[in-house]
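A.B. asks: 3D model of this:
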Amino acid sequence: MNTAENLHVFGQNFIQAEWFNSLEAAAYLRLLTRSGQPCVSRLRNLVCQGKLPFYKPFGRLMFKRAELEKLIVTSRQGKDHVNSEVLRHQSRP
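C.D. replies: Predicted coordinates for the structure are as follows:
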């Protein structure tokens, strides 16, 4: 099962959801096992290491989509001038 099929399993409104459970957050971050299934154990390891922002109402891990997006955007690496140049070329019509 590929990533697109995995995301389809969660339903049409998965990506638009404001809050994710552990399984949905793992799929959103593409933390997958070799078989292509969302890997919740990798997600929990990142939580334990303090690398992922999370909430825990009623003992269940919850993740805010906007915070996961911000984490991805702020983790950009590489030389700024090279990446900026590549991004400028990609955004041209």
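
A.B. asks: Could you use CA atoms for every contact and neighbour count after this?
C.D. replies: Will do.

A.B. asks: What ranges does the chain have for its strands?
C.D. replies: Along the chain, the segments classed as strands by DSSP state E run 19-20, 63-64.

A.B. asks: Do a quick rundown of the helices in the protein.
C.D. replies: Under the criterion DSSP state H, the chain contains helices at 3-9, 22-28, 40-48, 65-74, 80-91.

A.B. asks: before we move on, back to that, ok, which of the strands of the chain comes nearest Ile72?
C.D. replies: strand 63-64 (12.8 Å; CA to CA).

A.B. asks: Poorly predicted segments of the protein, please.
C.D. replies: Scanning the chain for pLDDT under 70 picks out the ranges 1-15, 79-93.

A.B. asks: Count the neighbours of Phe54 for me.
C.D. replies: When neighbours are defined as other CA atoms under 10 Å, Phe54 has 18 of them.

A.B. asks: For Cys39, which residues are in contact?
C.D. replies: Taking CA atoms under 8 Å, 6 or more residues apart in numbering, we find Cys39 in contact with Leu23, Ala26, Ala27, Leu31, Leu32, Thr33.

A.B. asks: so Pro53 makes contact with Leu61?
C.D. replies: No: contact status for Pro53 versus Leu61: not in contact, 10.1 Å apart, counting by CA atoms under 8 Å.

A.B. asks: For these two, indicate the residue with more neighbours.
C.D. replies: Neighbours per residue (other CA under 10 Å) separate Pro53 from Leu61, with Leu61 holding more: 16 against 13.

A.B. asks: Backbone dihedrals for that one, please?
C.D. replies: phi -70, psi 130 (degrees, to the nearest 10).

A.B. asks: isn't it right next to Ser22, touching?
C.D. replies: Yes: contact criterion CA under 8 Å: Leu61 and Ser22 qualify, at 6.2 Å.
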